[in-house]
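Trainee: Pasting a predicted model and its sequence here:
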Amino acid sequence: MTTATTATASHEHDAHHGHPTGIMRWLKSTNHKDIGLMYMIFGTTMFFVGGLLILLVRAELFMPGLQLMNPSIYNQLVTLHGLIMVFAFIMPLTTGFNNYLIPMMIGASDMALPRLNNWGFWILPPAAILLLIPFFLQFFGIGDGAASNAWTMDNVALDLQSGIGMDFTILTVHLLGISSITGAINVIVTIFNMRAPGMTLWKMPLFCWAWLVTSFMLLAVIPVLGAVVTMLLTDRHFGTHFFIASGGGDPLLFQHLLWFFGHPEVYIVLLPAWGILPGILSTFARKPVYGYKAQVCSFWAIGILGSMVWAHHMLSSGIPLAGELYFMYATMAVSIPTAVMIFCWIATIWRGSMTFETPMLFGLGMIVMFGIAGLTGLVIPDIAAYAQYHNTMYVVGHFHYPFFGGAVLGFMGATYFYMPKMTGHMYDEKLGKLHFWLTIVFFNFTFIPMMMVGLAGVPRHLADYALKYSEYQMISSVSAILLGASQLIFLYNIIKTARGNGEKATAQVWEGAQGLEFTLPSPPPYHTFTTPPEVK
């Protein structure tokens, strides 16, 4: 019996015995699969909302001069895009996968704190609405729009002078942070307290390890983010002077606290993708995961080192030379455990009997794009070169490689990988491969030109640029629009499969093109897809 069939039978059983059905079932559900699916649907919805906002920005940048909007609207769109993609898209999406998969991977009946799980999700939709409301209210003459200082909010002078949009953003960040903390607590308690007999920590799938490290990072840095936006709120409205130099405060304190969250956030979104990737590679290479313990140790090393390098975003802020050298070398040290992981991924597929179904294409694409992310990022914390890159379009192009090229591609591959077991039906393989190739091509044509103009000195957060950069900007804008349009194929494929329009999935979905069946010794195989016990 497939997972989808089991779920349908369970829902019919609920309706028979007076349990909520319809919309109330989703509102009240504490089932980890239901909540996981809601997280995924919400995250995917916000992916398209955030993508639409940035396409308006790219349309403005198609030609030099101001065509469609004034600089204020431009910066509001850039800020909303960043906040939505980080807090309302990728973090909820990865949380959806951990809700759906972790209990089944460790043999638990559900998450340890199911009511907290439900509450953590239902904080998200109101938070997203609060974030977007000020942007639309300005067109009715109410307020002066959304926050307009980028998602990092690191220009304190502008933050202190902004209107109600900043207050809405601060409240939204608090709500999204509460949701993330509840999810992190739930993962930690579930993994430590609800593993099946015999499921030791060193037998857990790598995805569980990745989320365990991620959860501890969330508990370490989200409260700091909550504290810094609260201090900003009191500076704005209650007469405190945490960041106001004329009152004895320190404007740089805001940046230190903000980036203490902001840099680990990169690994918070990447680690779950790194945890899910080895299972995909192992499946389609028909080989065991290579370097299981090495990858687990790399997760912890990256989690620890990644939380100690926040000020490499601030090397032009007057930090003493000794501090700059520390942050430069510590940042470069993160590349060591990262390189260990990439070595393990390549060793997993080396001389394997590979086939190139859609999940494998996304997995391999993620490795290549993340490699580019590492190479383009390694030069940024170099204190000798930092001034050239700081606050330019190069930085924008670079950080989209780990965020989109790493995390987003990884979870697109994971969606194709697990969709047959989630829905009971196979997706359209031809559409999946078309989606991959269009995404890879247009992604690179969108962000490589950004890095090129950034190296030439074009700053970010400006709605205009010199005429000589127009060709690169045109290429980037057209590619961005085509990249966004390509994601409609992904959406169509998901909806088509969820509605049962594909072939029925077999008990052993990924037997491979050669019809091979295979099982692996511990660490537990990610790809046997045995149907879990029905959750009562």
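Mentor: It's in. Numbers count the residues shown, from 1 in each chain.

Trainee: Can you list the helices and strands that the helix or strand hosting residue 492 packs against?
Mentor: Taking DSSP states H and E as the criterion, residue 492 maps to helix 470-498. Contact here means 3 or more CB pairs under 8 Å, 6 or more residues apart in numbering; DSSP states H and E; on that basis helix 470-498 packs against helix 32-60, helix 409-423, helix 429-455. (C-beta placed from N, C-alpha, C; glycine too.)

Trainee: tell me the angle it makes with helix 409-423.
Mentor: Angle of helix 470-498 versus helix 409-423, following axes from the mean of the first three to the mean of the last three CA atoms, to 10 degrees, is 10 degrees.

Trainee: next one: helix 470-498 to chain centre, how far?
Mentor: Centroid displacement of helix 470-498 relative to its chain, using CA atoms, centre = their mean, to the nearest Å, is 18 Å.

Trainee: buried set for that helix?
Mentor: 470, 472-473, 475-477, 479-484, 486-487, 489-490, 493-494, 496-498 (16 or more other CB atoms under 10 Å).

Trainee: Same check on stretch 233-250?
Mentor: Applying 16+ other CB under 10 Å to stretch 233-250 flags 233, 235, 236, 242, 243, 244, 249 as buried.

Trainee: What of stretch 370-390?
Mentor: 370-374, 376-377, 380-381, 383, 386, 389-390.

Trainee: And these, which is closest to residue 440?
Mentor: residue 372 (11.3 Å; CB to CB).

Trainee: What mean pLDDT does the helix or strand encompassing residue 165 get?
Mentor: Following DSSP H and E, one finds residue 165 within helix 164-193. Mean pLDDT, computed over helix 164-193, is 93.

Trainee: Give the other helices and strands that the longest helix along the chain contacts.
Mentor: Criterion DSSP state H: the longest helix present in the chain is helix 251-285. For helix 251-285, the packing partners by 3+ CB pairs under 8 Å, 6+ apart come out as helix 91-106, helix 156-161, helix 206-237, helix 292-305, helix 335-349, helix 358-378, helix 409-423.

Trainee: Number of residues surrounding residue 307?
Mentor: 18 (other CB atoms under 10 Å).

Trainee: so what's it up against?
Mentor: 217, 220, 221, 260, 263, 264 (CB atoms under 8 Å, 6 or more residues apart in numbering).

Trainee: rerun at 6 Å
Mentor: Counting by CB atoms under 6 Å, 6 or more residues apart in numbering, residue 307 touches residue 264.

Trainee: Could I get the pLDDT score of it?
Mentor: 91.

Trainee: residues in contact with the residue nearest the centre of the chain?
Mentor: Note on the chain: the residue nearest the mean C-alpha position is residue 90, at 3.0 Å, using CA atoms, centre = their mean. If you count contacts by CB under 6 Å, 6+ apart, residue 90 has them with 269, 407.

Trainee: about what we covered before: if you count neighbours, what's buried in the longest helix of the chain?
Mentor: Buried, per 16+ other CB under 10 Å, within helix 251-285: 251-252, 254-285.

Trainee: just stretch 209-221 next, same as before
Mentor: 209, 210, 211, 212, 213, 214, 215, 216, 217, 218, 221.

Trainee: List the buried residues of stretch 53-67.
Mentor: 53, 54, 55, 57, 58, 60, 61, 62, 63.

Trainee: how far does it stretch from start to finish?
Mentor: 16 Å (CA to CA, to the nearest Å).

Trainee: Give me the contact list for it.
Mentor: 68-69, 74, 77-78, 80-81, 463, 465, 467, 470, 473-474, 477, 480-481, 484.

Trainee: hmm, back to that, how about the buried residues of stretch 209-221 in a markdown table, adding pLDDT and distance to residue 347?
Mentor: Putting the buried residues of stretch 209-221 into a markdown table (pLDDT from 0 to 100; distance: CB to CB, whole Å) gives the following:
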| residue | pLDDT | distance to residue 347 |
| --- | --- | --- |
| 209 | 95 | 18 |
| 210 | 96 | 18 |
| 211 | 96 | 23 |
| 212 | 96 | 23 |
| 213 | 96 | 21 |
| 214 | 96 | 24 |
| 215 | 96 | 28 |
| 216 | 96 | 27 |
| 217 | 95 | 26 |
| 218 | 95 | 30 |
| 221 | 94 | 32 |
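
Trainee: now, which of those residues sits nearest residue 289?
Mentor: For the buried residues of stretch 209-221, the nearest to residue 289 is residue 209 (11.6 Å; CB to CB).

Trainee: which residues touch that closest one?
Mentor: Counting by CB under 6 Å, 6+ apart, residue 209 makes contact with 296, 299.

Trainee: That one and residue 300, how far apart?
Mentor: Remark: distance between residue 209 and residue 300 (CB to CB, to the nearest Å) = 9 Å.

Trainee: Equivalent analysis for residue 497, please.
Mentor: Distance from residue 497 to residue 300, by CB to CB: 36 Å.

Trainee: picking that back up, residue 319: which of the helices and strands packed on helix 470-498 is closest?
Mentor: Proximity to residue 319 (CB to CB) singles out helix 429-455 among the helices and strands packed on helix 470-498, at 22.6 Å.

Trainee: In that closest one, which residues are buried?
Mentor: Buried residues in helix 429-455, defined by neighbour count with 16+ other CB under 10 Å: 431-436, 438-440, 442-454.

Trainee: Pull the distance from it to the chain's centre.
Mentor: Taking mean C-alpha positions (CA atoms, centre = their mean), helix 429-455 and its chain are 18 Å apart.

Trainee: Domain parsing of this structure, as residue ranges.
Mentor: Per automatic domain parsing, the structural domains of the chain span 1-204, 363-510.

Trainee: tell me the mean pLDDT for the shortest one?
Mentor: It stands for domain 363-510. Averaged over domain 363-510, pLDDT sits at 92.

Trainee: Could you say which helix or strand holds residue 328?
Mentor: helix 321-333.

Trainee: relative to helix 292-305, how tilted is that helix?
Mentor: 160 degrees.

Trainee: ok, and what's touching helix 321-333?
Mentor: 305, 308, 309, 311, 312, 315, 381, 383.

Trainee: Tell me how many other residues surround the spatially closest residue to the fourth one that is not a sequence neighbour.
Mentor: Okay, so that is residue 311. Closest residue to residue 311 apart from its sequence neighbours, by CB to CB, 6 or more residues apart in numbering: residue 327 at 4.8 Å. Residue 327 has 21 neighbouring residues, counting by other CB under 10 Å.

Trainee: ok, now residue 174?
Mentor: Residues within reach of residue 174, counting by other CB under 10 Å, total 18.

Trainee: any idea how far the residue lying closest to it once chain neighbours are set aside is from residue 31?
Mentor: Using CB to CB, 6+ apart and skipping the chain neighbours, the partner closest in space to residue 174 is residue 226 (5.9 Å). Look at residue 226 and residue 31: by CB to CB, they are 29 Å apart.

Trainee: Looking at the two, which is more packed in?
Mentor: The residue with more neighbours, out of residue 226 and residue 31, is residue 31; 25 against 18, by other CB under 10 Å.

Trainee: Got the phi and psi for that one?
Mentor: The phi/psi pair for residue 31 (degrees, to the nearest 10) reads phi -70, psi 130.

Trainee: for residue 314, same thing?
Mentor: phi -130, psi 30.

Trainee: what residues are up against it?
Mentor: With CB under 6 Å, 6+ apart, residue 314 has these contacts: residue 255.

Trainee: leaving aside the residues next to it on the chain, what's closest to residue 379?
Mentor: residue 385 (5.7 Å).

Trainee: how about the one you found, phi and psi?
Mentor: phi -110, psi -10.
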